[in-house]
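Student: got a predicted structure plus its sequence, pasted below:
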Amino acid sequence: MRPLNSILAVLILACVAPVRPFASDFPDSLDFAGSPAQQRTKWSSKTIRVSLSTSLSSPAVAITPDSDVIGAVHRALSRWSTAANIRFEEVSSKAQSISPASGGDGISLITIAETAENLAIFGRGHNPARTRVFYDSETGEIVEADIVINPHPTEADGTLLQFSTDGTPGTYDLESTITHELGHFLGLDHSNVIGSTMQAHQGVNGIYKLPAFTERTLSEDDRTRVHTLYGSSEGLSAIEGKLTNSSLGGALVPLQRAHVWVEESGSGRVVASGITSANGNYRIESIPPGHYRVLTEYLEGPVASEVPSGSVSVNLANPEKPTRGQRAFRSVEIGNRVRLRANATTRINFVMVQPQSGPAILKPRLLGTNGDLSATPLPAEAGEKLTIYVGGEGVDQVPISGISVMSPFITID
């Protein structure tokens with residue numbers, strides 16, 4: 001690996017177990033103090049060499065017999081290659097362990113070997129897999145990324161789990177796990193769109209009494225985000241703006257780490273999303289021209305403080321910064337039938353006032369079908385009719401007359 005004159009940063013990312021919240025420190029864009037331009041964490045080359053450890057050809061007890069491990073890796077790589085317009089150069093490697101956090105070895109590895117270094121990255125966590133990314137903190141260029149599939153995946157109570165590729169109930173879908181981790185490998189953080197491959201929860205097969213194959217398929221949000229990193233902006237649109245809260249002593253306070261997403265006006269389909277920075281700013285790119293709704297919601301959990309413009313990087317020269325809570329607010333539409341034109345940026349600012357600036361009283365957190373409720377994606381097949389249930393605080397207090405549906409494909413019973 002070539003020497004770097006600048007600081008090399010290390011990131012650890014994970015696909016997490018069912019219904020366990022995860023706050024990622026991995027930025028898909030970085031703002032550096034003193035730099036006028038926003039730097040993105042990405043590979044500089046459109047050809048990326050990926051080394052497949054020989055451990056994948058003879059996996060341990062974590063993989064069910066007759067699973068198509070190499071086929072799952074190939075299919076996951078193909079999906080991201082198509083979406084990002086990049087080429088993965090696959091090579092076999094006798095390497096078994098990912099690089100330690102202290103420095104990379106120049107090999108971007110996918111492994112499931114039961115080695116001390118591979119087990120150490122999981123600590124006491126129960127993640128199905130983790131990804132360690134080495135990047136230049138001055139430019140955002142990724143120079144190495146390693147994926148390790150957990151050799152001993154467990155539930156929170158210590159119950160041993162396995163991976164499979166055929167939907168075996170009670171196992172993780174290996175192809176979904178690898179597809180998710182490859183998103184991190186390319187520079188993506190977790191998404192807050194529940195149907196996204198990059199959302200932070202992976203359910204086991206059998207939740208909803210269905211195979212958990214949803215995350216094998218990249219959502220519109222996944223494709224938009226990776227296109228923003230590696231694709232051309234020619235002919236596409238962008239939305240940017242600032243969200244503030246007016247309820248705190250009369251002063252306008254930036255809303256940081258608010259989730260902003262973009263829906264097609266006609267279908268209700270989510271096509272892109274983003275998170276506001278510490279200054280309340282957001283920018284969402286690579287959106288096809290058309291008419292859209294733009295909405296925002298409060299994200300629970302800590303947010304980073306004292307960062308230049310939002311995203312926090314974990315690197316070897318910068319200790320972890322303290323966090324503080326974000327004042328809650330209610331989900332709200334900040335733009336209706338917004339027309340986006342090709343090669344243009346539309347600005348949408350929004351100031352929260354009462355009642356939107358007050359605490360949320362309606363929190364629809366769960367989706368379900370076939371008797372199960374979960375925070376994991378709900379599988380659906382084209383042409384099939386599916387009855388979906390919604391759960392969460394306050395949901396039972398909403399009358400049918402108080403629910404509006406924008407999508408022509410959904411009806412309320």
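Tutor: Here it is on my side, so go on.
Student: so where's this structure uncertain?
Tutor: Along the chain, the parts satisfying pLDDT under 70 run over 1-39, 247-250, 301-327, 357.
Student: could you chop it up by domain?
Tutor: 8-225, 226-352, 363-402 (automatic domain parsing).
Student: so what's residue 174 up against?
Tutor: 63, 67, 69, 72, 149, 163, 164, 165 (C-beta atoms under 8 Å, 6 or more residues apart in numbering). For the C-beta atoms, the positions are set from N, CA and C on the backbone; glycine is no exception.
Student: between those, which is nearest residue 225?
Tutor: residue 72 (22.2 Å; C-beta to C-beta).
Student: what's the burial count for the closest one?
Tutor: Other residues within reach of residue 72, judged by other C-beta atoms under 10 Å, total 23.
Student: work out for me the element it sits within.
Tutor: helix 69-84 (DSSP states H and E).
Student: hmm, who's touching that helix?
Tutor: 50, 52, 56-57, 59, 63, 86-88, 90, 110, 112, 165, 174-175, 178-179, 182-183, 186, 216-218, 222-223, 226-227, 229-231.
Student: filter those residues down to the buried ones, PyMOL style.
Tutor: Buried residues within those, by 16 or more other C-beta atoms under 10 Å, are selected in PyMOL with:
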select buried, resi 50+52+56+59+63+86+88+110+112+165+174+175+178+179+182+183+186+216+218+222+223+226+227+229+230+231
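Student: biggest strand in the protein by residues?
Tutor: strand 237-248 (DSSP state E).
Student: show me which positions of that one end up buried.
Tutor: For strand 237-248, the neighbour count (16+ other C-beta under 10 Å) marks 237, 238, 239, 240, 241, 242, 243, 244, 245, 247 as buried.
Student: need the helices for the stretch 201-350 of the chain, in chain order.
Tutor: Remark: helices assigned in the stretch 201-350 of the chain by DSSP state H, counting those that start in this stretch are 220-230.
Student: re the thing from before, got JSON lines for the domains of the chain, with distance to residue 411 too?
Tutor: Shown next, in JSON lines, are those (distance: least, C-beta to C-beta, whole Å):
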{"stretch": "domain 8-225", "distance to residue 411": "19"}
{"stretch": "domain 226-352", "distance to residue 411": "12"}
{"stretch": "domain 363-402", "distance to residue 411": "10"}
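Student: closest to residue 408 out of those domains?
Tutor: Across these, closest to residue 408 is domain 226-352 (C-beta to C-beta), at 6.8 Å.
Student: ends of that closest one, what's the gap?
Tutor: Length of domain 226-352, first residue to last, C-alpha to C-alpha, to the nearest Å: 30 Å.
Student: same question for stretch 260-276.
Tutor: Using C-alpha to C-alpha, the two ends of stretch 260-276 sit 7 Å apart.
Student: circling back to that earlier point, of the contacts of residue 174, which belong to helices?
Tutor: 69, 72 (DSSP state H).
Student: same list, the buried residues of strand 237-248, but as TSV with distance to residue 79 please.
Tutor: TSV is the format used below for these (distance: C-beta to C-beta, whole Å):
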residue	distance to residue 79
237	24
238	24
239	26
240	28
241	31
242	34
243	33
244	38
245	39
247	43
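Student: distance check, the most centrally placed residue in the chain against residue 350.
Tutor: Among the residues of the chain, the one closest to the centroid is residue 190, at 2.1 Å (C-alpha atoms, centre = their mean). Look at residue 190 and residue 350: by C-beta to C-beta, to the nearest Å, they are 24 Å apart.
Student: hmm, back to that, pick the most buried one from the domains of the chain.
Tutor: domain 8-225 (a mean of 19; mean count of other C-beta atoms under 10 Å).
Student: from residue 166, how far out is residue 69?
Tutor: In terms of C-beta to C-beta, residue 69 sits 12 Å off from residue 166.
Student: quick one: residue 369 and residue 387 touch, right?
Tutor: Yes: between residue 369 and residue 387 a contact is recorded at 6.0 Å, counting by C-beta atoms under 8 Å.
Student: coming back round to it: and which of the contacts of residue 174 is nearest residue 119?
Tutor: Nearest to residue 119 among those, with distances taken as C-beta to C-beta, is residue 149, at 11.8 Å.
Student: need the contact list for that closest one.
Tutor: So residue 149 contacts 62, 110, 111, 112, 128, 129, 163, 174, 177, 178, 181 (C-beta under 8 Å, 6+ apart).
Student: and the gap between it and residue 252?
Tutor: From residue 149 to residue 252 the distance is 46 Å (C-beta to C-beta).
Student: pretty sure residue 405 contacts residue 390?
Tutor: No: contact criterion C-beta under 8 Å: residue 405 and residue 390 do not qualify, at 11.7 Å.
Student: now the terminal residues of stretch 165-182, how far apart.
Tutor: End to end - C-alpha to C-alpha - stretch 165-182 spans 17 Å.
Student: one more: stretch 196-210?
Tutor: Calculated as C-alpha to C-alpha, the first-to-last residue distance of stretch 196-210 is 18 Å.
Student: measure how far that stretch is from the centre of its chain, please.
Tutor: 14 Å (C-alpha atoms, centre = their mean, to the nearest Å).
Student: ok, back up a step: relative to helix 220-230, how tilted is the helix holding residue 72?
Tutor: Computed with axes from the mean of the first three to the mean of the last three C-alpha atoms, to 10 degrees, the direction of helix 69-84 lies at 70 degrees from that of helix 220-230.
Student: from the middle of its chain, how far away would stretch 148-162 be?
Tutor: So, by C-alpha atoms, centre = their mean, the centroid of stretch 148-162 is 21 Å from its chain's centroid.
Student: spatially nearest residue to the residue nearest to the centre of the chain, not counting backbone neighbours?
Tutor: Leaving aside its sequence neighbours, residue 190 sits nearest to residue 200 (C-beta to C-beta, 6 or more residues apart in numbering; 4.3 Å).
Student: distance of that neighbour relative to residue 399?
Tutor: Applying C-beta to C-beta to residue 200 and residue 399 gives a distance of 32 Å.
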